[in-house]
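Visitor: Give me a 3D structure for the following:
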Amino acid sequence: TKRQVLMLNVASLEKARPAHPGELCHFLQRRVDHLIVKSNWDYVVDVFVRRHLWEDDGSACALTRSLQIAGSYPPPTGVALSRFYDVLY
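Guide: Just a heads-up that it's a prediction; the model follows:
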């Protein structure tokens, strides 16, 4: 099976503003089957992805997501990461 990998550098999007809520979701849904987010809890990448794929429009993007935890900090309390990510590793 052929797989296509798309690398998205969130740092390059830091100042960008989507044209409408859900724009990033629509972009990714046309290009990927699953999104792997490499970040520590509540760091720039994690916060960016959760904001643009979940919080801004009040509903989750219909795209499976996993968080590859890139650090040793414990998960933050009171944050519903398990509702956003399908897999944590």
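Visitor: can you pull the contacts of residue 11?
Guide: Taking CB atoms under 8 Å, 6 or more residues apart in numbering, we find residue 11 in contact with residue 44. For the C-beta atoms, the positions are set from N, CA and C on the backbone; glycine is no exception.
Visitor: cutoff 10 Å now
Guide: Applying CB atoms under 10 Å, 6 or more residues apart in numbering to residue 11 gives the contacts 44-45, 48.
Visitor: where does it fall, helix, sheet strand or coil?
Guide: helix (DSSP: H, G, I helix; E, B strand; the rest coil).
Visitor: which stretches of this protein form helices?
Guide: Taking DSSP state H, the helices of the chain run over residues 23-29, 44-50, 81-84.
Visitor: where in the chain is pLDDT low?
Guide: 14, 55-59, 78-82 (pLDDT under 70).
Visitor: thinking again about what came up before, mean neighbour count, the helices of the chain: which tops it?
Guide: Counting by mean count of other CB atoms under 10 Å, helix 44-50 has the highest mean neighbour count of the helices of the chain, with a mean of 18.
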